[in-house]
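Participant: Got a predicted model here, sequence first, then my questions.
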Amino acid sequence: QVQLVESGGGFVQVGGSLRLSCAASGRTFSMYTMCWFRQTPGKEREFVARISRSGRTTTYADAVKGRFTISRDNAKNTVYLQMNSLKPDDTAVYYCAADLNYDGTNSYAYDYWGQGTQVTVSS
């Protein structure tokens, strides 16, 4: 099992930047595919970004491509989401997720989730 704790959310103006972190417990972090999802009230969780176990492969939602960067440091058991050029539509609770056996972008397939961190972009 792995436990995930997100941090780094907050308030930011349009065009600003934030970096989210997700710290994982356990000694097998490098075996997990890691993802970031986000959710706004009344909507399903939306895929944001995904990174492979080694960190060599990344995938992004079209809405964030070119603005967000996912990365991981397996030595520190941490995955990051650098968010630049933020827009009001990026306002959401951001969750990191992990899975040992699945490496896609479907939120229903991920077994482990953090508690979420709120990101609010004001115009």
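Facilitator: That came in fine, so what should we check first?
Participant: Setting the sequence-adjacent residues aside, check what's closest to Asn74.
Facilitator: Ser30 (4.2 Å; C-beta to C-beta, 6 or more residues apart in numbering). To be clear about C-beta, it is placed using only N, CA and C from the backbone, and glycine gets the same treatment.
Participant: which SS state does that neighbour fall under?
Facilitator: Following DSSP: H, G, I helix; E, B strand; the rest coil, the label given to Ser30 is helix.
Participant: Count residues in the vicinity of it, would you?
Facilitator: Ser30: 13 surrounding residues under other C-beta atoms under 10 Å.
Participant: Now Tyr109. Its backbone dihedrals?
Facilitator: That one is not Tyr; residue 109 is Ala. phi -90, psi -10 (degrees, to the nearest 10).
Participant: Excluding covalently adjacent residues, which one is nearest to it?
Facilitator: Tyr102 (4.4 Å).
Participant: Can you name the residues that contact that neighbour?
Facilitator: Shown in contact with Tyr102 (C-beta atoms under 8 Å, 6 or more residues apart in numbering): 33, 109-110.
Participant: where does it fall, phi/psi-wise?
Facilitator: Dihedral angles for Tyr102 - degrees, to the nearest 10 - are phi -120, psi 140.
Participant: Check Thr58 too.
Facilitator: Torsion angles, degrees, to the nearest 10, at Thr58: phi -130, psi 150.
Participant: Correct me if wrong: it contacts Ile70.
Facilitator: Yes - if you go by C-beta atoms under 8 Å, Thr58 and Ile70 touch, sitting 5.4 Å apart.
Participant: For the spatially closest residue to Thr28 that is not a sequence neighbour, I want the exact helix or strand it lies within.
Facilitator: Nearest residue to Thr28, sequence neighbours excluded (C-beta to C-beta, 6+ apart): Val2, at 7.3 Å. For Val2, there is no enclosing helix or strand under DSSP states H and E.
Participant: Distance of Val2 relative to Gly114?
Facilitator: 10 Å (C-beta to C-beta, to the nearest Å).
Participant: Neighbour count for these two, which is higher?
Facilitator: Taking neighbours as other C-beta under 10 Å, Val2 and Gly114 compare with Gly114 leading, 21 against 18.
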